[in-house]
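Enquirer: Here is my input; please provide its structure:
(chains A and B)
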Amino acid sequence: MMASLRTPRGLLTVLLLVLFAVLPLLTQAFDQRYLLSIGTRVVIWSIAAVSLNMILGYGGLVSFGHAAFFGIGGYAVGILSASGVASGWVQWPVAIAAAAVWAALIGALSLRTRGVYFLMITLAFAQLVYYVAAGLEVYGGDDGLNIGRSRFPGLINLADKASFYWLCLALLVATLWFCDRFACSRFGFVLRGARSNEQRMTALGFPVFQYRLVAMIISGAFGGLSGALLANEGAYVSPAMMSWVKSGDLIVMVVLGGMGTLLGPLYGAIAFFVLEESLKPLMDLAHKGWGEYWQIVFGPMLVLVALYAKGGIDSLLGRRHG
Amino acid sequence: MVEPLLSTQGLQKRFGGLLATDNVSIEVRPGEIHALIGPNGAGKTTLVGQLTGTLAPDSGTIHFAGRDVTRLPTHARVRLGLARSFQITSVLREFTALDNVALAVQAHQGHSFRFLADARTDERLRAPARQGLETVGLGARADALASALSHGEQRQLEIAMALAGDPRLLLLDEPMAGMGAEESQRMVALLRGLKGRRAMLLIEHDMDAVFALADRITVLVYGRAIASGTPDEIRAHPEVRRAYLGDEAA
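Expert: Numbers count the residues shown, from 1 in each chain, chains lettered A, B, ... in the order given. Okay, here's the model as predicted:
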């Protein structure tokens, strides 16, 4: 992925990379710690959005239950932490594996359906996890659970905000790298071909179901990773992190940024957080208390994107080559 | 007698009260072009569905390449060498012509659980795909999006995709459908060029094409195979003339 500085896309990519890389230095220089926390969440949500894009964008499968992977990844870390297992070397692989197993389970069932039925089944399963977590009284039930941060002794201290941010950023870059390779691999071609024309792919001899199932597992694994990161960001897990609203937010990010494009989910996540964080104070400025209703302005913006920029933010940056 | 490549025995398929496939037994021998004709509603598409594995027959068996494939899923039949084109053009519209054929090639190179290597620069896919496009006369259109190809070109692309795995049997579901006279002629020439190298089951309405290409013809009417034989035998068959060809063919 060599970005050319001459195209708007290349310029924006390079600017974003530089901005992302030096964000902790900027927030420190201007003493805006709060911004670093938002930046960290943008990066974590971007990983989740990129992972959702693997099945939604490249696979054409509208999963409405992606927040379950936040939850499963987060609770894996939370429960292990509460049980005295503080090592990230244990917690994170367990978080990723648990999310992958969950993806295999729901995939095996939901991939037998299409379209709106697929959407409803993924939503139903995510709600199932939500209520199970809310019912786990030992782990805080509805109120959630304060946890210690994952420990990587001698390597990194996650309690240090800047270190944690850079770790998240490195993992986002790794996720994007994988997604870039994945999209043009033999596997990616099969997945995208099945989105374009499932019947044709079957007639060519591809067992489409198996490929989609594996795509869901990969997507779920990255989703689980983002959940483990989110748990560490706030040192806290709760059922709220997997409410169906979060699944909707992730879909909004992917669609707003550009489905099936490498950086679209990243643009979408950035736009989502920037709009949320700027609309709230702006509307509060207009009238005290209005900020809570920022989505009244955000909603119509989404409608405009859906109507006039079908490819999302990514399509506004001009045609991709290759 | 030569062992048939594809054969059905007593195939039946019922949709409610309609017997769409009524005790059909047909044979396609290696290397021959066997045409399946019949008026609209004769059950050709239903039969094709059962042969390719998208529909399960109620009774009867299907043998392909010496194996009972009656219960085998579509992709497994493709692996055995049964490739098809669709009645309604079915290509991957958002992909280039070359990508379309490369995917068809890929389908025959084992599993595709490869996640990191770039398939667009993989010569094991690209070289046979380019060759396939040349074979059907689309070499110059390799980088065009499939959606930008003309109808006739898309049909040629489908043939290239069907040929990609070097199949033993090509099942062509109305390859001339919707084509102009000139495009049809080009398709007939293309199929004639492939003749003898691989068996074909040709479902087609265009009688000129059928009689120009077929070694043997089976006539399907109301789900039943009423006649099967060489083009001359079919032309002379009284029941066929009455049911299908009409008196003007006399």
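Enquirer: which stretch of helix or strand covers the closest residue to chain A within chain B?
Expert: With CB to the nearest CB as the measure, B:Val78 is the residue of chain B nearest to chain A, at 3.4 Å. Glycine gets a C-beta too; all of them are placed from N, C-alpha and C. Assigned by DSSP states H and E, B:Val78 belongs to helix B:74-80.
Enquirer: which parts of that helix are buried?
Expert: For helix B:74-80, the neighbour count (16 or more other CB atoms under 10 Å in any protein chain shown) marks B:Thr74, B:His75, B:Arg77, B:Val78, B:Leu80 as buried.
Enquirer: what's next to that helix, contact-wise?
Expert: By CB atoms under 8 Å, 6 or more residues apart in numbering or on different chains, the surrounding residues in contact with helix B:74-80 are A:202-207, B:52-54, B:64-65, B:67, B:69, B:72, B:107-108, B:165, B:167-168.
Enquirer: how about a cut-off of 7 Å?
Expert: Here helix B:74-80 makes contact (CB atoms under 7 Å, 6 or more residues apart in numbering or on different chains) with A:202-207, B:52-54, B:64-65, B:67, B:69.
Enquirer: Tell me the secondary structure at B:Leu36.
Expert: Taking DSSP: H, G, I helix; E, B strand; the rest coil as the rule, one finds B:Leu36 in the strand state.
Enquirer: Can I get the buried residues of helix B:74-80 in CSV including pLDDT?
Expert: Converted to CSV, these look like this (pLDDT from 0 to 100):
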residue, pLDDT
B:Thr74, 89
B:His75, 87
B:Arg77, 91
B:Val78, 88
B:Leu80, 91
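Enquirer: show me the contacts for the residue of chain A found nearest chain B.
Expert: Nearest residue of chain A to chain B (CB to the nearest CB) works out as A:Gly205 at 3.4 Å. By CB under 7 Å, 6+ apart, the contact list for A:Gly205 reads B:His75, B:Val78, B:Arg79, B:Ala107, B:His108, B:Gly165.
Enquirer: Can you tell me which residues in chain B are near chain A?
Expert: B:52, B:74-75, B:78-79, B:84, B:90-95, B:103-104, B:106-108, B:112-120, B:161, B:165 (CB under 7 Å from any CB of the partner chain).
Enquirer: Which ones among those residues lie within helices?
Expert: B:Thr52, B:Thr74, B:His75, B:Val78, B:Arg79, B:Leu103, B:Ala104, B:Gln106, B:Met161 (DSSP state H).
Enquirer: tell me which element B:Met200 is part of?
Expert: Short version, using DSSP H and E: B:Met200 is in strand B:199-203.
Enquirer: which residues of chain A fall in helices?
Expert: Under DSSP H, chain A gives helices at A:8-29, A:33-56, A:67-82, A:88-110, A:115-135, A:161-184, A:186-196, A:198-204, A:208-234, A:244-257, A:264-286, A:295-308, A:312-316.
Enquirer: Pull the distance from the fourth one to the chain's centre.
Expert: Yep, that's helix A:88-110 we're talking about. 15 Å (CA atoms, centre = their mean, to the nearest Å).
Enquirer: contact partners of it?
Expert: A:65, A:68-69, A:72-73, A:76-77, A:80-81, A:85, A:118, A:121-122, A:125, A:150-152, A:213, A:216-217, A:219-221, A:223-225, A:227-228.
Enquirer: Any idea how many residues pack against A:Ser46?
Expert: When neighbours are defined as other CB atoms under 10 Å in any protein chain shown, A:Ser46 has 29 of them.
Enquirer: give the contact list for it.
Expert: A:Ser46 makes contact with A:Leu172, A:Pro265, A:Leu266, A:Ala269, according to CB under 7 Å, 6+ apart.
Enquirer: can you pick the most crowded of those residues?
Expert: Among the contacts of A:Ser46, the one with the most neighbours (other CB under 10 Å) is A:Pro265, at 35 neighbours.
Enquirer: That residue and A:Ser219, how far apart?
Expert: 12 Å (CB to CB, to the nearest Å).
Enquirer: Please apply the same query to B:Lys44.
Expert: 41 Å.
Enquirer: Those two: which has the busier surroundings?
Expert: A:Ser219 (29 against 23).
Enquirer: Mean confidence (pLDDT) on stretch A:295-310, please.
Expert: Stretch A:295-310 shows a mean pLDDT of 87.
Enquirer: now swap in stretch A:120-131 and tell me
Expert: Stretch A:120-131 shows an average pLDDT of 96 in the prediction.
Enquirer: Remind me what the very next helix or strand once past the strand holding B:Met200 packs against, helices and strands.
Expert: Using DSSP H and E, the next helix or strand after strand B:199-203 towards the C-terminus is helix B:207-213. Secondary-structure packing of helix B:207-213 (3 or more CB pairs under 7 Å, 6 or more residues apart in numbering or on different chains; DSSP states H and E): strand B:33-37, helix B:181-194.
Enquirer: which of the ones you listed has the lowest average pLDDT?
Expert: Among the helices and strands packed on helix B:207-213, helix B:181-194 scores lowest, at a mean of 89.
Enquirer: Now that helix: buried residues?
Expert: Those would be B:Glu183, B:Ser184, B:Arg186, B:Met187, B:Val188, B:Leu190, B:Leu191, for helix B:181-194 by 16+ other CB under 10 Å.
Enquirer: measure A:Arg6 to B:Ser228 for me?
Expert: 66 Å.
Enquirer: repeat for A:Asp249
Expert: From A:Asp249 across to B:Ser228, the span is 62 Å (CB to CB).
Enquirer: what bits of chain B have low per-residue confidence?
Expert: Counting by pLDDT under 70, chain B contains low-confidence ranges at B:1, B:244-250.
Enquirer: ok, which stretches of it are strands?
Expert: According to DSSP state E, chain B carries its strands in the segments B:6-15, B:18-24, B:27-28, B:33-37, B:59-64, B:67-68, B:82-85, B:169-173, B:199-203, B:216-221, B:224-229.
Enquirer: Just name the most buried of these.
Expert: Most buried of the strands of chain B, by mean neighbour count (mean count of other CB atoms under 10 Å in any protein chain shown): strand B:82-85, with a mean of 27.
Enquirer: Who is the residue nearest to B:Asp68 when sequence neighbours are not counted paired with across the strands?
Expert: Residue nearest to B:Asp68 in three dimensions, not counting chain neighbours: B:Thr61, with 5.9 Å by CB to CB, 6 or more residues apart in numbering or on different chains. Note on B:Thr61: beta-bridge partners B:Gln9, judged by DSSP bridges.
Enquirer: contacting residues for B:Thr61?
Expert: Going by CB under 7 Å, 6+ apart, B:Thr61 touches B:Gln9, B:Asp68, B:Thr70.
Enquirer: Show me the beta-bridge partners of the second one.
Expert: The partner list for B:Asp68 in beta bridges (DSSP bridges) reads B:His63.
Enquirer: Spit out the contact partners of the closest residue to A:Ser247 other than its chain neighbours.
Expert: Distances taken as CB to CB, 6+ apart put A:Ala67 closest to A:Ser247, at 4.2 Å, once the chain neighbours are dropped. Taking CB under 7 Å, 6+ apart as the contact definition, A:Ala67 lies against A:Ala126, A:Met241, A:Met242, A:Ser243, A:Trp244, A:Lys246, A:Ser247, A:Leu250.
Enquirer: residues in chain A within reach of chain B, list them.
Expert: Counting by CB under 7 Å from any CB, the residues of chain A near chain B are A:181-182, A:184-187, A:189-190, A:193, A:196-197, A:199-200, A:202-207, A:214.
Enquirer: and those residues, which are buried?
Expert: Looks like the residues of chain A next to chain B have A:181-182, A:184-187, A:189-190, A:193, A:196-197, A:200, A:202-207, A:214 buried, using 16+ other CB under 10 Å.
Enquirer: Let's see the pLDDT reported for A:Leu256.
Expert: Value for A:Leu256, per-residue pLDDT: 93.
Enquirer: pLDDT score for the closest residue in space to it that isn't next to it in sequence?
Expert: With sequence-adjacent residues excluded and distances taken as CB to CB, 6+ apart, A:Leu256 is closest to A:Gly268, at 4.2 Å. At A:Gly268, the predicted lDDT confidence score is 95.
Enquirer: One more: the one 4 residues further on?
Expert: At A:Phe272 the predicted local confidence, pLDDT, stands at 95.
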